[in-house]
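Participant: Give me a model of this one.
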Amino acid sequence: MLETTHHWLPIIITFYVPLSFFITYSIAVENKHVEPGFPYISYTGTTPPESCVFGQLLNIGAVLAGVIIYTRYRQSRFHFEKNQNNENCQNGQNSQNGQNCQNGQNGQNSQNCQNSQNGQNCQNSQNGQNGQNSQNCQNGRNCQNGQNGQNCQNDQNCQNGQNGQNGENGQNRARKCLLHLNTAAFITGSLTIFGVSLAGNFQATNVWEVHLVGAFLAFGVGFVYMILQTIISCMSVSLNIRGNSLCIRVLRIVLCVADFVLFIILGIAARLSISKGPGPGISRLHWSSDEPGYAEHLVATISQWLVAFITLIYFATFYEEFKHFQMTAPQVTPRTPGNSVVPG
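Facilitator: Down below sits the predicted model:
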């Protein structure tokens, strides 16, 4: 089923994760564990029983995100390697054609040399006729000039071939760069979903240090993943990948800029709110508008929610590209007692 319906995964996760947040938020508000409004996402799942639901739902979301990240990695790798192989085959054919053309040209040059020698012999046999000798000299000179012109043309062809080779080398370097960027994006994406799992299973009020590491991986490294995917999208325009339209590329750039701005606002507002409040003896889970620093706290929490939603919207942009290919189910191949693969 996943072979032909995998393109729905980016849409599913875009709706699934916010629904998970609202479920745990509702449970936390109902049990009066947090104040209504905009608490931090992690605060809605830090106290039992919502902490159990929060961790489980985020684990499922991390698995879905992992499938999407791996699918994106294999899709990009397929296009980059396919175009590189096609170019190598074309280069091999051009090399063979170029060799044949060179052989034909050498034959023509040999014939020109023979004609030139015949012209000289004819000139020697008619030494008595000065007028004819002058004409023969002129003909010989014209023949030599023609040969020089052909040599100039050969030099120009060699120069054009060298320019084409330089262009092909540049394309090969670009494809190698794309393959390296694709691998780096897969690694950063894997770290991102690992951070989501850490943040969901190590609650903020229980193991703060581990939760902070998970949040950094989920939001900070997740932003790096978005940047890498945007660079890959813009660099692979010449490959004509279906679904990688101009609108998708512009949307991804806008999402990266918005995510960066909100991430900076989140860091500054969170630091300011902690320095001002919420006041002695008051938990941050019950930060109300009457306490100092609440305005900065509200800016930080809203920014965090928006950063999370922007990341999910970015995943949704993969939908258009995922529609144009299908996955292949893994094949099981038996092995003989000698640990060699049985041919199919």
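
Participant: pLDDT below threshold where in the stretch 1-150 of the chain?
Facilitator: 1-4, 83-150 (pLDDT under 70).

Participant: Tell me where it has helices.
Facilitator: Listed in chain order, the helices of the stretch 1-150 of the chain (DSSP state H, counting those that start in this stretch) span residues 2-5, 9-30, 50-125, 130-201.

Participant: which secondary structure elements does the second one contact?
Facilitator: Same thing as helix 9-30. Secondary structure elements in contact with helix 9-30, counted by 3 or more C-beta pairs under 8 Å, 6 or more residues apart in numbering; DSSP states H and E, are helix 50-125, helix 294-316, helix 319-322. Heads up, the C-betas are built off the backbone N, CA and C, glycines and all.

Participant: what angle sits between it and helix 294-316?
Facilitator: 150 degrees (axes from the mean of the first three to the mean of the last three C-alpha atoms, to 10 degrees).

Participant: So what's the gap between helix 9-30 and the chain middle?
Facilitator: 28 Å (C-alpha atoms, centre = their mean, to the nearest Å).

Participant: Tell me the buried residues in that helix?
Facilitator: Neighbour-count burial for helix 9-30, counted by 16 or more other C-beta atoms under 10 Å, picks out 9-10, 12-14, 16-17, 20-21, 23-25, 27-29.

Participant: And those residues, which is closest to Val67?
Facilitator: Minimum distance to Val67 across the buried residues of helix 9-30 is 6.1 Å, recorded for Leu9 (C-beta to C-beta).

Participant: Next up, the contacts around the residue nearest to the closest one when sequence neighbours are not counted.
Facilitator: Leaving aside its sequence neighbours, Leu9 sits nearest to Ile68 (C-beta to C-beta, 6 or more residues apart in numbering; 5.2 Å). By C-beta atoms under 8 Å, 6 or more residues apart in numbering, Ile68 lies in contact with Leu9, Pro10, Ile13, Phe315, Phe318.

Participant: who's in contact with Pro10?
Facilitator: With contacts defined as C-beta under 8 Å, 6+ apart, the neighbours of Pro10 are Ile68, Phe315, Ala316, Thr317, Phe318, Tyr319, Phe322.

Participant: So the last one sits against Ile11, correct?
Facilitator: Looking back up the chat, that one is Phe322. No. The pair Phe322 / Ile11 is not scored as a contact, 9.7 Å apart, by C-beta atoms under 8 Å.

Participant: tell me the SS of Asp290?
Facilitator: Counting by DSSP: H, G, I helix; E, B strand; the rest coil, the backbone at Asp290 sits in coil.

Participant: Please give the number of neighbouring residues around it.
Facilitator: Neighbour count for Asp290, taken as other C-beta atoms under 10 Å: 9.

Participant: ditto for Arg242
Facilitator: Using other C-beta under 10 Å, Arg242 has 11 other residues around it.

Participant: do Ile248 as well
Facilitator: Neighbour tally, Ile248, other C-beta under 10 Å: 17.

Participant: show me the contacts for Thr183.
Facilitator: Thr183 makes contact with Tyr73 under the criterion C-beta under 8 Å, 6+ apart.

Participant: Quick check: pLDDT value at it.
Facilitator: Listed pLDDT for Thr183 reads 96.

Participant: repeat for Ile248
Facilitator: For Ile248, the pLDDT comes out at 96.
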